[in-house]
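A.B. asks: turn this into a structure:
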Amino acid sequence: MPTYPKRYPAPPHTFDGYVLSYYDSPLNHEATSNQLFIDLLSQSTDYAWFFTPYLMLGDDLMDAMISAAQRGVDVRIIMPGIPDKKLIFRMSRSFYQVLLTGGIKIYEYTPGFVHAKSFVSDDKVATIGTVNLDYRSLFLHFENNSFFYRSSIIAAIKDDFIATQAKCKEVKPYDMKHYSRRWVVDGVLRIFAHRYVEVFMKHFLMCLLYIAALGVLSFVVGRLIPKHWFHADRFPWVCHPAEQKNYGSGFMFGNGRQRSPI
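C.D. replies: Next up, the predicted model:
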């Protein structure tokens, strides 16, 4: 044991579990948080409770929740009762019916908006951080989370969940025979909430940015390079600058007309 000066007391030898910080990145090949939640749900035996402001799950994570609930695990999700983004909230609600019929309990915090992002299970493990249960957060965003094992903070997270649930309203599944229109709307919204639509939009926007960057680059290069550099002897397929007055500004491709002498 190291020795300390008298004015600095030795630190107490206490143990409060383990903590591991990790991150998600769209540059990684593996979605860390998504896979972690799937693994934790597969190992849960008593309960698995989630706080999340948005709910747009992938098929694998949704199947893991339903499988845990069907083998007797108490799976609960607390969502906001008052949304910050109405369209996103409606898309989150489109996942309710599948989860509710699968045995998951969903609660909405009626006093306002919930922005907590945490998970607690079996009084042994918990996570806290920036990860939401939606496609963008799980697959496309840079996120940071902390994983706790047998730490005192786990009990605090559980107590906070129970206290918050007391102010929530439990959501019940609806009868699809009487709400067939809602069932159809939910299906359409889930398509647009899917990860592959997000990935397509991401690559589409990147292509637009590349095209815009090439356009700006070509414009700047055209302004910086002197016009006499584009000589007919160097580029015979380009009109001589003296001919541009007949064609307007810019580079013109030759069309068989006799060029002016140099």
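
A.B. asks: per-residue pLDDT, Q35?
C.D. replies: pLDDT recorded at Q35 is 94.

A.B. asks: swap in F253?
C.D. replies: 44.

A.B. asks: what of G215?
C.D. replies: pLDDT recorded at G215 is 84.

A.B. asks: can you confirm V75 is in a helix?
C.D. replies: No. Going by DSSP: H, G, I helix; E, B strand; the rest coil, the assignment for V75 is strand, not a helix.

A.B. asks: wait, it touches Y47, no?
C.D. replies: Yes. When contacts are counted by CB atoms under 8 Å, V75 is listed as touching Y47 (7.5 Å). C-betas here are computed from N, CA, C, even on glycine.

A.B. asks: more crowded one of the two?
C.D. replies: Comparing V75 with Y47 by other CB atoms under 10 Å, the one with more neighbours is V75, at 24 against 16.

A.B. asks: the more buried one: what's it in contact with?
C.D. replies: Residues in contact with V75 (CB atoms under 8 Å, 6 or more residues apart in numbering) are 41, 47-50, 65, 68-69, 103-105.

A.B. asks: please name the bridge partners of it.
C.D. replies: The partner list for V75 in beta bridges (DSSP bridges) reads A48.

A.B. asks: can you check the one 5 residues further on too?
C.D. replies: Per DSSP bridges, the residues bridged to P80 are Y109.

A.B. asks: so it sits against E108, correct?
C.D. replies: Yes. Judged on CB under 8 Å, P80 makes contact with E108 at a distance of 6.7 Å.

A.B. asks: from the contacts of V75, pick the one nearest L217.
C.D. replies: F50 (46.6 Å; CB to CB).

A.B. asks: the closest one looks like it's in a helix, true?
C.D. replies: No. Looking at F50 with three-state DSSP, it is strand, so not inside a helix.

A.B. asks: ok, now which ones touch it?
C.D. replies: Applying CB under 8 Å, 6+ apart to F50 gives the contacts 75-78, 118-119, 133.

A.B. asks: of these, select the buried ones using a ChimeraX command.
C.D. replies: Of those, the buried ones go into a single ChimeraX selection, burial set by 16 or more other CB atoms under 10 Å:
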select :75,76,77,78,118,119,133
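
A.B. asks: and the furthest pair within the contacts of F50?
C.D. replies: V75 and S118 (14.5 Å).

A.B. asks: quick one, helices of this structure?
C.D. replies: Secondary structure of the chain (DSSP state H): helices at 32-43, 59-70, 86-93, 96-101, 135, 152-165, 180-192, 195-224, 244-247.
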